[in-house]
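**Student:** A predicted structure for the sequence below; I have some questions about it.
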Amino acid sequence: MKKLFIVALALCIASGLWAQTTTLKMADPHPDRTNGWGAVIEQINAEFKAANPGVEIVTESYPDQPFQQKIKIYATAKQLPDVFKYWSFSTLLKPLVDGGFVMELNKADFAKYGYVPGSLESNVWGGKLYGIPVSADFWVIYYNKKLFKDAGATVPTTVEDLMGLAPKFKAKGIIPIVTDGKDAWPLSITYDVLCERVNGDFSRQQAALDRKAKFTDPDFVEGARQYVKFIQSGLFADDLMVSDYGASRNLFGQGKAAMYIMGPWEMGLATDSNFSDEFRANVDAFKFPVLKNGKGKADDLEAWFGGNYVISSASKYRDLDLKYLKYYAQRFPGLAWEKGAAFPAQKVTARDSDTPVAKTLLKILADAKTTSGTTTIDRSTPQFKEDHQNFIRELSSALITPEEFCKKIEASADKASKQN
Amino acid sequence: MKGLFGNGKVIAALVVPGIAVMVFSLVVPIGFSVYYGLTDWAGFGKFHMIGLANYRDIITADPVFWRALMNALILMVVTICIQNPAAFALAAVLSHLSSRFSRALRTVYFVPAVLSLVVITKLWVSIFNPTYGILNKLLHVIGFTGVNISWLSNPHTALGSVLWIILWQGFGWALLFYYTGLMTVPKEIEEAARVDGAGWFQAYSRIIIPFMFPVISAVLVIDVISSLRQMEMIFLSTEGGPGFLTQFVSVYLYQKAFVAGAYGYGNALSVLFVVVAVGLTLVVQQVLRRNDDAQ
């Protein structure tokens, strides 16, 4: 009996050992796991688990802004996930690099995955690679072709023409444009674009951050004036400043808004089963228009490589994490393009079956004569970013004038330059 | 028994757990906040000791902090001067209704206090929405067809709208406290006053309210504390905007610490916040104690 008990106990222990699983903790800002980017990640995870028996993946997902805050809190508490999606910016990745929270990667390991020139470099800090880029981001205006046709509107090429469309859509009970005003970063990016449309020079923002120019210079003040005109032109709904990412996206997807200012990561709108067939068949995009008297051109594109994937330096499974990252780099561009989920930072092959919006986005990127690189808010310190977003909120609510806005940005940039 | 409590070890065994909980849940975190408030720490990575620079910046060059404190004071005044009298008056009316009718009404008034703050905030954000919100639609129905106010993002209405949500949510609690307090007032005292010719105003001002002073004091102290620590509702509705018009200290220090990456500054804010909150609570208690003694 005693022997039998010992054998049984040994079998139990052995089976426990055989059944031991390795659980990778992951995190990303894509809570919808059935559509778009979230669905692509789920498929990659399923394939990775099938190819690596005994590996389990537990994922946490929140929308962008809560996700960024969560990662900062996890970093403070030294509880970062093993592998997580993040952003390559100086405001987000650099503090993690400086704190030693993310693992250094070997550039040669990823060079074969067809990355667009400059994209891997966006994740290099101090000559070392700390993340792999996943998306090419640029600023466009999505539009609903049917709503345009119903309102007798045509795609505008100038900001003035765009503002002239407001009454046509309002007469039909349609909100002309929506965007995520609550989180403010889309407003800051739109201000960036309008400044470029004024001065025709993307390098001016960096010059001002480097203290070789001032944010109070006439072109920036004119950019702020144009921004105020744009915001107050009647194009946006009155709730712009409290309309968050999900709310604005849904208004567009449900056909309540004619246009949506956002990046190509929203190309999945054309395949999102949450929205009607009619909407999906009619969603398309156009270049951010130019100012009639501005120096900027339509093919000057606000474009950057934001989204990336990183590995926690405290992870217990760094080899497995790296294996996952390589698998992700291999599978993501094809799957993301096939499902219309995102615009990859890797070369993709256009297909006849691509959605119209995917084809348009490819053309917009191909047409680009100059690109901006990382947006202004993500080129300096986290405090500068927070300031910029707060000041643009104040400007959008007419609490401050364009001149006061520029003075405030200038003061914040000056403070940030002394910290860097 | 007396010998047992005269034994130092027994006393220590009884007192130490409580003190330990206090120390680890209150003193240690505040101690850490004081320490990190003297640094330029971003929340992770290296940091430097910068002395009292954070405190100096907050006090001398941070209008948002003062705006947030002012908003807390406004909320405090509105709660004490509007919510409390209204809740007391309604509680007084309910105390004279039949028990079945009174119970039904109390349940209705208490519903907002039972609901999750997230639900309540989202509910009111929807009601206040200028595009599809019911408030603007109602205004249109009653004739104000040209009115289309963005209640939570208009600089003129944002703070008032936010205060309304807070008062609406907290009304049930104030009502419950006052109703319970009124139920403890012996009926004989009120009846004796009436026999002596006291009207309802005299009965309330001379007999019932003084009798309920401990309850009123407790409600006032709770109001002061809750006004200062407003966080979730603001975070879920306006995040302090437009600009900083609806900012409160708790939201602001969270944004500084975890959004702007100024963890040291956020800690300094929290230390000042504790000082202000404790100071204000002590002042209120002192004032209430004097009133209590005078009565």
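**Tutor:** Received, thanks.
**Student:** which parts of the stretch 251-400 of chain A sit against chain B?
**Tutor:** Residues of the stretch 251-400 of chain A lying near chain B by CB under 8 Å from any CB of the partner chain: A:381-383, A:385-387, A:390, A:393-394, A:396-400. For glycine as for every other residue, the C-beta is placed from the backbone atoms N, C-alpha and C.
**Student:** Tabulate the residues you listed (JSON lines), appending neighbour count, pLDDT and secondary structure.
**Tutor:** Output for those, formatted as JSON lines (neighbours: other CB atoms under 10 Å in any protein chain shown; pLDDT from 0 to 100; DSSP: H, G, I helix; E, B strand; the rest coil):
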{"residue": "A:381", "neighbour count": "24", "pLDDT": "87", "secondary structure": "coil"}
{"residue": "A:382", "neighbour count": "25", "pLDDT": "84", "secondary structure": "helix"}
{"residue": "A:383", "neighbour count": "20", "pLDDT": "86", "secondary structure": "helix"}
{"residue": "A:385", "neighbour count": "27", "pLDDT": "91", "secondary structure": "helix"}
{"residue": "A:386", "neighbour count": "20", "pLDDT": "89", "secondary structure": "helix"}
{"residue": "A:387", "neighbour count": "21", "pLDDT": "92", "secondary structure": "helix"}
{"residue": "A:390", "neighbour count": "22", "pLDDT": "91", "secondary structure": "helix"}
{"residue": "A:393", "neighbour count": "25", "pLDDT": "92", "secondary structure": "helix"}
{"residue": "A:394", "neighbour count": "21", "pLDDT": "92", "secondary structure": "helix"}
{"residue": "A:396", "neighbour count": "27", "pLDDT": "93", "secondary structure": "helix"}
{"residue": "A:397", "neighbour count": "21", "pLDDT": "90", "secondary structure": "coil"}
{"residue": "A:398", "neighbour count": "14", "pLDDT": "91", "secondary structure": "coil"}
{"residue": "A:399", "neighbour count": "17", "pLDDT": "91", "secondary structure": "coil"}
{"residue": "A:400", "neighbour count": "20", "pLDDT": "94", "secondary structure": "coil"}
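**Student:** What residues does chain B have near chain A?
**Tutor:** Contact residues of chain B with respect to chain A, defined by CB under 8 Å from any CB, are listed as B:42-46, B:125, B:129-131, B:148-150, B:152-155, B:237-239, B:241-245, B:255-256, B:258-263.
**Student:** returning to that earlier point: just give me the closest of the residues of the stretch 251-400 of chain A next to chain B to residue A:105.
**Tutor:** Checking these against residue A:105 by CB to CB gives residue A:382 as the nearest, at 23.4 Å.
**Student:** was I right about that closest one contacting residue B:263?
**Tutor:** No. Assessed by CB atoms under 8 Å, residue A:382 is found out of contact with residue B:263, at 10.2 Å.
**Student:** joint contacts of the two?
**Tutor:** Residues touching both residue A:382 and residue B:263 (CB atoms under 8 Å, 6 or more residues apart in numbering or on different chains) are residue B:42.
**Student:** does residue B:222 sit in a helix or strand, and which one?
**Tutor:** Using DSSP states H and E, residue B:222 sits in helix B:213-228.
**Student:** Identify each buried residue in that helix, please.
**Tutor:** Neighbour-count burial for helix B:213-228, counted by 16 or more other CB atoms under 10 Å in any protein chain shown, picks out B:215, B:216, B:217, B:219, B:220, B:223, B:224, B:226, B:227, B:228.
**Student:** right, and the fifth one touches residue B:80 too?
**Tutor:** The one in question is residue B:220. Yes. Residue B:220 is in contact with residue B:80 according to CB under 8 Å; the separation is 6.3 Å.
**Student:** ok, residue B:243 - how many residues close by?
**Tutor:** Counted by other CB atoms under 10 Å in any protein chain shown, the residues lying close to residue B:243 total 22.
**Student:** Residue B:286 too?
**Tutor:** Neighbours of residue B:286 (other CB under 10 Å): 10.
**Student:** which secondary structure element contains it?
**Tutor:** helix B:263-294.
**Student:** hang on, the earlier thing: put the buried members of the residues of chain B next to chain A into a ChimeraX selection.
**Tutor:** To isolate the buried ones among those in ChimeraX, judged by 16+ other CB under 10 Å, type:
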select /B:42,43,44,45,125,129,130,131,149,150,152,153,154,155,237,238,239,241,242,243,244,245,255,256,258,259,260,261,262,263
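**Student:** can you tell me which helix or strand the closest residue to chain A within the stretch 1-150 of chain B belongs to?
**Tutor:** Here the stretch 1-150 of chain B gets closest to chain A at one residue, residue B:45, 3.3 Å apart by CB to the nearest CB. Secondary structure assignment for residue B:45, by DSSP H and E: no helix or strand.
**Student:** Kindly indicate whether the closest residue to residue B:168 other than its chain neighbours is helix, strand or coil.
**Tutor:** Spatial nearest neighbour of residue B:168, excluding adjacent residues (CB to CB, 6 or more residues apart in numbering or on different chains): residue B:112 at 5.9 Å. Counting by DSSP: H, G, I helix; E, B strand; the rest coil, the backbone at residue B:112 sits in helix.
**Student:** Could you list every helix and strand that the helix of greatest length in chain A packs against?
**Tutor:** Identified as the longest helix of chain A according to DSSP state H is helix A:318-338. Helices and strands touching helix A:318-338, by 3 or more CB pairs under 8 Å, 6 or more residues apart in numbering or on different chains; DSSP states H and E, are strand A:22-28, helix A:36-51, strand A:83-87, helix A:107-110, strand A:132-133, strand A:307-311.
**Student:** run the last query once more with 10 Å
**Tutor:** strand A:22-28, helix A:36-51, strand A:55-61, strand A:83-87, helix A:107-110, strand A:132-133, strand A:307-311 (3 or more CB pairs under 10 Å, 6 or more residues apart in numbering or on different chains; DSSP states H and E).
**Student:** And the helix or strand that that helix is followed by, how far out from the chain middle?
**Tutor:** Counting by DSSP H and E, the next helix or strand C-terminal to helix A:318-338 is helix A:356-367. Offset of helix A:356-367 from its chain centre (CA atoms, centre = their mean, to the nearest Å): 17 Å.
**Student:** hmm, who's touching helix A:356-367?
**Tutor:** Outside helix A:356-367, the residues within contact range by CB atoms under 10 Å, 6 or more residues apart in numbering or on different chains are A:116, A:136, A:138-140, A:142-143, A:145, A:263-264, A:266-271, A:280-288, A:298-299, A:301, A:303, A:337, A:340, A:343, A:348, A:350-352, A:354-355, A:371.
**Student:** Name the nearest residue to residue A:330, sequence neighbours excluded.
**Tutor:** Nearest to residue A:330 is residue A:113, by CB to CB, 6+ apart, at 6.3 Å.
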